[in-house]
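1. Next input, structure requested:
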Amino acid sequence: MRTDERHNSESLDPRSFIDGVPAPAWSVLPNGSFEFFNQRFQQYTGLSPDGLKNTQWKSIVHSDDIPEVEKWLRDIGQLREGNTKTVRLRRFDGEYRWFQSAASAVHDEQGTLVRCYGISFDIDDLKRSEQKLREDEAGLRTITDAIHQSVVVLSPDGKTLYANRGALERTGLTPGEVQSEGFLSRAFHPDDVERVRQERHDGLTKGVPFELEMRSLFKDGEYRWQLIHYNPLFDESGQLLRWYATATDIDERKKAEERIQNENLALREEIDRSSMFEEIVGSCKPMRQLLKQVEKVAPSDSTVLILGETGTGKELIARALHRRSKRASRAFVRVNCAAIPQSLIASELFGHEKGAFTGALQRRVGRFEAADGGTLFLDEIGDLPMETQIALLRVLQEREFERVGSNHPITVDVRLIAATNRDLPAAVAAGSFRQDLFYRLNVFPIAVPPLRERAEDIPLLVEYFVARFAKGTGKKFRQISKGTLEILSAYAWPGNIRELQNLVERAVIVSESDRFTVEESWFKRAPANSAQPQEGLSALTSREVEMIEAALVESHGRISGPSGAAAKLGIPRQTLESKIRRFGIDRYGSKRPSSK
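-> Got it, this is the predicted structure:
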């Protein structure tokens with residue numbers, strides 16, 4: 001700011017005003033020489049005005065500050081309003097004290113510099129406080145560097161000033177990066193940054209101790225959960241000087257909490273989903289051999305591939321393997337691969353990050369994470385799309401995967417059990433199933449016999465189902481018709497145990513006496529011994545197509561609903577629709593062309 005001043009013989013001498021200033025004040029001519037010192041300046045230094053005007057002024061300035069003052073005086077013509085200089089001045093008793101000097105230039109009407117006026121304020125107490133704080137902080141740094149726990153020092157407004165050695169070593173950050181404005185975004189998980197920024201601001205504003213939970217990025221690229229305690233430091237007058245933030249690693253606790261939450265979620269899903277039946281019923285030779293296999297492989301962590309026709313109880317065998325394993329106390333998570341749209345199967349198995357695709361509004365934990373430490377049962381694994389087969393192969397080989405939309409690997413400890421009613425070797429030959437994945441899954445194959453091969457178990461199964469459904473309906477049955485057992489034993493049971501279960505439930509509902517019977521007209525009788533023996537699963541596909549076509553004819557092309565084909569077959573609607581598309585079946589009755 002320029003101040004115009006007319007100088008003539010009638011002008012008032014400004015010295016009279018400067019003398020009244022209660023702080024050291026002075027004026028400097030354009031050539032850099034001192035013109036005048038007020039009385040307060042003279043009293044402070046103990047020198048006369050004449051002594052101060054000549055070079056004796058250097059005797060009152062600390063020797064380390066003289067070069068800066070000389071430069072300041074040489075550049076006096078370029079001074080602008082607000083120009084300040086910090087300097088140490090010697091008092092009359094020989095003590096040096098810190099002063100903050102401010103100068104303002106005065107020009108005439110032509111813009112020529114006339115003189116500069118200056119005033120000096122004593123800031124020695126403030127400087128000493130700052131120096132003491134720096135010394136204290138230097139001592140604290142030595143102490144905090146010896147602490148294994150991460151410690152970060154913040155200014156009152158939350159700016160990072162310092163991080164101890166432990167924090168730098170864990171994060172791999174430099175002191176400059178810690179002090180930069182983007183520290184929060186660089187140090188913490190992207191999903192936590194906005195929340196931490198807001199909660200941190202609220203806590204710092206209140207000025208009382210607080211704590212935050214957040215995921216911190218370590219130098220190995222892994223995010224770990226940390227509990228950050230923020231504690232304020234005040235001076236003797238109650239002025240906030242610093243914040244001290246200390247970090248405690250709580251990653252194991254958080255992962256345990258998340259694992260329990262996932263297990264509880266899986267448990268709730270299993271409770272909501274009614275099982276086909278609660279326990280294995282059967283004493284025939286094929287079942288005894290099967291249970292012996294279950295008993296041998298259950299204690300291990302080997303991958304098991306359960307083979308069998310639809311409705312034979314493959315999930316029941318998987319649950320038996322889990323209950324007899326060392327993972328029995330952990331989660332059993334079931335996924336029906338055929339019931340999930342192919343575009344969502346990867347997200348279902350591996351989870352996804354927020355924003356990974358349209359509709360991904362938040363991070364989702366996949367079934368592999370939910371089953372961590374437990375067992376994951378992949379039913380109808382033959383329906384997995386090829387790209388998901390590749391990801392599954394990686395999990396089996398390396399025990400790690402990545403969520404959809406993330407490149408951060410997640411390590412899991414999961415025992416995998418797979419099941420299918422498809423002929424996987426034929427699928428491998430057709431190129432729809434990866435050979436290397438098949439070999440990974442086929443570590444310990446278990447074939448579940450169809451019901452037609454265990455006819456001697458039918459009376460036991462009927463008795464079990466009758467008791468189960470009678471209890472649910474409040475009915476009591478004293479006898480099971482001998483003729484009914486003969487009819488049931490003679491039937492081929494293309495739908496296997498699921499078909500038997502549904503038929504018994506229907507008979508219990510319509511029964512009006514205490515004698516259990518089944519209407520012979522409910523199914524077309526086919527002697528069990530008339531069925532052509534088949535080895536393995538080579539004919540499962542054609543048999544499955546025949547069952548689907550028969551159910552569609554009976555339901556007049558209707559898929560869903562109580563009278564639909566899905567209900568008759570005992571499978572989900574989505575599964576049936578997927579199979580209709582895959583096999584090219586006409587739902588309204590046209591048979592596929594014969595392969596002959």
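
2. which residues of the protein score low on pLDDT?
-> Low-confidence segments of the chain, defined by pLDDT under 70: 1-17, 20, 51-56, 76-83, 134-148, 261-279, 523-541, 574, 588-596.

3. what about the residue nearest the centre of it, distance to Met547?
-> Centroid-nearest residue in the chain: Arg363, 6.3 Å away (criterion: C-alpha atoms, centre = their mean). Counting by C-beta to C-beta, to the nearest Å, the gap from Arg363 to Met547 is 41 Å. Where you see a C-beta, it was placed from the backbone N, CA and C, and this is true even at glycine.

4. three-state assignment of Glu213?
-> Secondary structure assignment for Glu213 (DSSP: H, G, I helix; E, B strand; the rest coil): strand.

5. Could you give the number of residues near it?
-> The number of residues packed around Glu213, counting by other C-beta atoms under 10 Å, is 15.

6. about what we covered before: quick check: the residue nearest to the centre of the chain touching Glu353?
-> Yes: assessed by C-beta atoms under 8 Å, Arg363 is found in contact with Glu353 at 5.5 Å.

7. so what sits against both of those two?
-> Common neighbours of Arg363 and Glu353 (criterion: C-beta atoms under 8 Å, 6 or more residues apart in numbering): Arg403.

8. Disregarding flanking residues, what is the spatial nearest neighbour of Leu126?
-> Residue nearest to Leu126 in three dimensions, not counting chain neighbours: Trp98, with 7.7 Å by C-beta to C-beta, 6 or more residues apart in numbering.

9. quick one, phi/psi of Lys296?
-> Per-residue torsions, Lys296: phi -80, psi -40 (degrees, to the nearest 10).

10. likewise the one 3 residues further on?
-> Phi and psi for Pro299, reported as degrees, to the nearest 10, are phi -70, psi -20.

11. ok, it to Leu378 distance?
-> 21 Å.

12. The two: which is more packed in?
-> Under the criterion of other C-beta under 10 Å, the comparison of Pro299 against Leu378 puts Leu378 first, with 24 against 12.

13. Tell me the bridge partners for that one.
-> Counting by DSSP bridges, Leu378 is bridged to Val335, Ala418.

14. ok, now which ones touch it?
-> By C-beta under 8 Å, 6+ apart, Leu378 lies in contact with Val335, Cys337, Leu384, Leu392, Leu416, Ile417, Ala418, Ala419.

15. thought the last one was touching Asp383?
-> Think Ala419. No: between Ala419 and Asp383 there is no contact under C-beta under 8 Å: 11.2 Å.

16. returning to that earlier point: what's the neighbour count on the residue nearest to Leu126?
-> 21.

17. isn't there a strand covering it?
-> Yes: according to three-state DSSP, Trp98 belongs to a strand.

18. how much space between it and Leu321?
-> 80 Å.

19. again, but for Glu456
-> Counting by C-beta to C-beta, the gap from Glu456 to Leu321 is 25 Å.

20. Correct me if wrong: Lys58 contacts Ile66.
-> Yes: counting by C-beta under 8 Å, Ile66 is a contact partner of Lys58 at 5.6 Å.

21. Run a quick neighbour tally on Ser481.
-> 14.

22. what does Asp457 give?
-> Asp457 has 20 neighbours, counted by other C-beta under 10 Å.

23. now do Val28
-> 21.

24. Tell me if Ile446 really is in a strand.
-> Yes: using three-state DSSP, the assignment for Ile446 is a strand.

25. what about Ile280, which helix or strand?
-> Per DSSP states H and E: Ile280 is located in neither a helix nor a strand.

26. looking at the contacts of Leu378, which has the most residues close by?
-> The most neighbours of any of the contacts of Leu378, using other C-beta under 10 Å, belong to Ile417, which has 30 neighbours.

27. Pop out the phi and psi values for Arg330.
-> According to degrees, to the nearest 10, Arg330 has phi -100, psi -170.

28. where along the stretch 301-450 of the chain do the strands fall?
-> 304-307, 332-336, 375-379, 400-402, 409-411, 415-420, 444-447 (DSSP state E, counting those that start in this stretch).

29. Likewise for the stretch 451-596 of the chain?
-> Counting by DSSP E, counting those that start in this stretch, the strands of the stretch 451-596 of the chain are 479-480, 515-516.

30. Trp57 touches Phe34, doesn't it?
-> Yes: with contact defined as C-beta under 8 Å, Trp57 reaches Phe34; the gap is 6.2 Å.

31. re the thing from before, could you export the strands of the stretch 301-450 of the chain as CSV, including distance to Ala426?
-> Shown next, in CSV, are the strands of the stretch 301-450 of the chain (distance: least, C-beta to C-beta, whole Å):
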stretch, distance to Ala426
strand 304-307, 12
strand 332-336, 21
strand 375-379, 19
strand 400-402, 28
strand 409-411, 34
strand 415-420, 11
strand 444-447, 15
